[in-house]
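[1] Give me a model of this one.
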Amino acid sequence: MKKRVVSVFMALAMGLSIVACGVTAPEAPAAEPAAEQKEETAAEQTKAPEAVTPDADAITLVMAEVNPLDTIVGMTDQKFKEEVEARSNGSIIIDLQASGVLGSENDVLDTMLGGGGTIDMSRISAFALTSYGGQKSMLLSLPYIFTSRDHFWNFATSDLAQEFLQEPSENGSGVRGLFYGEEGFRHFFTVNEISDINSFKGMKLRVSNDPIMNGLVEGLGASPTVVSFGELYSALQTGVVDGAEQPIANYKSNAFPEVAPYMILDGHTLGAIQVIITDEAWNKLSAEQQQVLVDAGKAASEYNRSISEEKENAVLEELKADGVTIIEVEDITPWQEAVKPVIEENIKGLEDYYQKLVDMK
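    Residues are numbered from 1 along each chain as shown. Next up, the predicted model:
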């Protein structure tokens, strides 16, 4: 009887040893695509530390995202989450809450800036802090400030970008930026047919209570109408607004073509984004963990740059195939002329920073 028990025990031990070896050096099926192999490996590296680190020892950071995970920003968020968890060996967990379940961008910012610790991080529009005292970041939303994606990335990878990211913490807002990214140029889309800049006269266009956007819309001869992002679909459907603006990928992912099937490619603003963290959450981290977030941010930013244009172009072709009317802008000059007043008004006192941005093209 004893021999039989010992034999069973030894067999179990050998089996566990084999399984353990398999976890240490997993092999992907030969037919699996390379991209899926990488994702699986990253996931395994992320999960592995959890087996040896008690849940109570891991710091969980709640991160908000207003868009679905299949958008450019959603994919960037997921890359950041994977990088943080892998690089920290599971000591930091990112609880990513997407599709606006934690509220609109302004709701999230109100919560983060108000304290309380219920939301630690968020992916926001780079100029969302304008309404909360941000001055330098406001420049990123000026119409036609960036002439190309390369122009933006020259800024995003510069020392000037780091200065912009630290502005909210330095002015006492209680948050700090980690990294920049982009989701493509933003374009207007409407419920009814449009042809050029003159089509917007008298329209009600949705804005998010941003002074730059208000001025831009007024420059087009339209009326800026504040509507939260979560209510935009129904606002278009019921006629509360006649149109809005979004990057191409977000336009499709949020099903706006169903109620507003006309898009004009005016590219008035590049959809610059940033990920922010509250100072409260930042200060809970060790110096090593803070560096993990910085390094993970760099990796996520590079990933964002690698996917943004390709995904945007693919989505544009899908929209055309689905019957959305896409209007090209042959001459951008009338648009630039229409928004000159809003640029001149908002660079006062920031002329040097504005010129530095312009010169980075």
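
[2] Spell out, range by range, the strands that occur in the stretch 1-150 of the chain.
    Across the stretch 1-150 of the chain, reading from the start of the chain, the strands by DSSP state E, counting those that start in this stretch fall at 59-64, 92-97, 121-125.

[3] Make JSON lines out of those and add mean neighbour count and mean pLDDT.
    C-beta coordinates here come from the backbone N, C-alpha and C atoms, glycine included. Formatted as JSON lines, those follow (neighbours: other CB atoms under 10 Å; pLDDT from 0 to 100):
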{"stretch": "strand 59-64", "mean neighbour count": "19", "mean pLDDT": "98"}
{"stretch": "strand 92-97", "mean neighbour count": "18", "mean pLDDT": "98"}
{"stretch": "strand 121-125", "mean neighbour count": "25", "mean pLDDT": "97"}
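
[4] Let me have those strands in a markdown table, extended by distance to residue 160.
    Written out in a markdown table, the entries for the strands of the stretch 1-150 of the chain read as follows (distance: least, CB to CB, whole Å):
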| stretch | distance to residue 160 |
| --- | --- |
| strand 59-64 | 26 |
| strand 92-97 | 28 |
| strand 121-125 | 19 |
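
[5] Nearest approach to residue 325 belongs to which of these?
    When the strands of the stretch 1-150 of the chain are ranked by proximity to residue 325, the top entry is strand 121-125, at 26.2 Å, counting by CB to CB.

[6] Contacts for that closest one, please.
    61-66, 73, 76-77, 94, 105, 108-109, 112, 141, 271-278, 281 (CB atoms under 8 Å, 6 or more residues apart in numbering).

[7] Repeat the analysis, applying 6 Å as the threshold.
    Outside of strand 121-125, the residues within contact range by CB atoms under 6 Å, 6 or more residues apart in numbering are 61, 63-65, 73, 77, 105, 108, 273, 275-277.

[8] Could you do stretch 335-351 as well?
    142-144, 197, 215-216, 219-220, 266, 354.

[9] mind checking the end-to-end distance for that stretch?
    Taking CA to CA, to the nearest Å as the measure, stretch 335-351 stretches 22 Å from start to finish.

[10] what about residue 220, distance to residue 334?
    Residue 220 sits 10 Å away from residue 334 when distances are taken as CB to CB, to the nearest Å.

[11] May I see the buried residues of the host helix or strand of residue 356?
    In this assignment (DSSP states H and E), residue 356 forms part of helix 351-358. By neighbour count, and taking 16 or more other CB atoms under 10 Å as the criterion, the buried residues in helix 351-358 are 353-354, 357.

[12] go on, stretch 201-221?
    For stretch 201-221, the buried set under the neighbour-count rule, 16+ other CB under 10 Å, comprises 203-208, 210-220.

[13] In helices only, show me the residues you listed.
    Cross-referencing those against helices under DSSP state H gives 211-219.

[14] Among the contacts of stretch 335-351, which pair sits farthest apart?
    In the contacts of stretch 335-351, the most distant members under the criterion CB to CB are 197 and 354, with 23.9 Å between them.

[15] Among the strands of the stretch 1-150 of the chain, which comes closest to residue 253?
    Proximity of those to residue 253 was assessed by CB to CB; the nearest stretch is strand 121-125, lying at 14.2 Å.

[16] And that closest one, how far out from the chain middle?
    When C-alpha coordinates are averaged (CA atoms, centre = their mean, to the nearest Å), strand 121-125 and its chain have centres 6 Å apart.

[17] Likewise for stretch 92-101?
    Mean C-alpha position of stretch 92-101 versus that of the full chain (CA atoms, centre = their mean) differs by 12 Å.

[18] can you give me the end-to-end distance of it?
    In stretch 92-101, first residue to last residue: 22 Å (CA to CA).

[19] Point to the residue nearest the middle of this structure.
    The structure's the chain has its C-alpha centroid closest to residue 73; by CA atoms, centre = their mean the separation is 3.6 Å.

[20] My read is that that one contacts residue 67, right?
    Yes - counting by CB atoms under 6 Å, residue 73 does reach residue 67; the two are 5.3 Å apart.

[21] how about the helices in the stretch 101-250 of the chain?
    For the stretch 101-250 of the chain, helices defined by DSSP state H, counting those that start in this stretch occupy the ranges 105-114, 149-156, 159-170, 211-219, 232-238, 248-253.

[22] Redo those as JSON lines? Include distance to residue 314.
    As requested, those are arranged in JSON lines below (distance: least, CB to CB, whole Å):
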{"stretch": "helix 105-114", "distance to residue 314": "25"}
{"stretch": "helix 149-156", "distance to residue 314": "16"}
{"stretch": "helix 159-170", "distance to residue 314": "28"}
{"stretch": "helix 211-219", "distance to residue 314": "27"}
{"stretch": "helix 232-238", "distance to residue 314": "23"}
{"stretch": "helix 248-253", "distance to residue 314": "9"}
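
[23] Tell me which of the ones you listed sits most buried.
    With neighbours defined as mean count of other CB atoms under 10 Å, these peak in mean count at helix 248-253, which reaches a mean of 23.

[24] The closest residue to residue 328 other than its chain neighbours in helix, strand or coil?
    What sits nearest to residue 328 in space, not counting adjacent residues and going by CB to CB, 6 or more residues apart in numbering, is residue 265, at 5.7 Å. Classification of residue 265 into helix, strand or coil gives strand, according to DSSP: H, G, I helix; E, B strand; the rest coil.

[25] Model confidence score at residue 265, please.
    Residue 265 carries a pLDDT value of 98.

[26] thinking it is in contact with residue 186, fair?
    No - between residue 265 and residue 186 there is no contact under CB under 6 Å: 10.2 Å.

[27] between those two, who's got more neighbours?
    Looking at residue 265 and residue 186 with other CB atoms under 10 Å, you find the greater number of neighbours at residue 186, namely 23 against 14.
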